[in-house]
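In: dropping a prediction and its sequence here:
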Amino acid sequence: MLDLPKSRARLLRSLALDAGFATAEFAVVLPAVIFIGSIFVWVLSLCVTQLQIESAAYWATRELIRGDKIPARLIDALPHNSTLREQRSGNILTVTVATKRTIRIPGIPWAVELKAHASGHLEKPVDDENF
């Protein structure tokens, strides 16, 4: 059988003796939890940014292969400080989108450069004589 205190006063005193330790442990662990949480959010934002630039590279390549210009709304949708570069090598077009993301925690100069490439063959103009 459990050995329970015989009165409410003893129960409250026994709980009050441990309350200071829990507060101190919480105060020590809280900065680590906040730091790990902010790193997790930053990594999640890196994943979202990578998906954005991969999609932008794909759509820019698609538009250029068809002979169209890159729409302004596509360039406006790129993340801040992004660069879009196209390279033609013979019949192959490659579009590269790059951006740099830094973590916004004071005193931590971590930065990651993200890149996305998309390639395709240029469409040939239709020859009217073969019709």
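Out: Done, it's in.
In: tell me how far residue 24 lies from residue 31.
Out: Distance of residue 24 to residue 31, computed by C-beta to C-beta, to the nearest Å: 13 Å. The way it works is simple: take the backbone N, C-alpha and C, and place the C-beta from them, glycine included.
In: ditto for residue 92
Out: 51 Å.
In: more crowded one of these two?
Out: The residue with more neighbours, out of residue 92 and residue 31, is residue 92; 12 against 9, by other C-beta atoms under 10 Å.
In: bridged to that one, which residues?
Out: residue 89, residue 121 (DSSP bridges).
In: isn't it right next to residue 118, touching?
Out: No. Assessed by C-beta atoms under 8 Å, residue 92 is found out of contact with residue 118, at 11.2 Å.
In: quickly list what's touching both of the two.
Out: Shared contacts of residue 92 and residue 118, defined by C-beta atoms under 8 Å, 6 or more residues apart in numbering, are not found at any residue.
In: now the host helix or strand of residue 73: buried residues?
Out: Using DSSP states H and E, residue 73 maps to helix 72-76. For helix 72-76, burial by neighbour count (16 or more other C-beta atoms under 10 Å) applies to residue 74.
In: buried residues, stretch 75-87. List them.
Out: Under 16+ other C-beta under 10 Å, the buried positions of stretch 75-87 are 78, 79, 82, 84.
In: ok, which pair from the residues you listed is furthest apart?
Out: 79 and 84 (11.2 Å; C-beta to C-beta).
In: for this structure, which helix is longest?
Out: helix 8-65 (DSSP state H).
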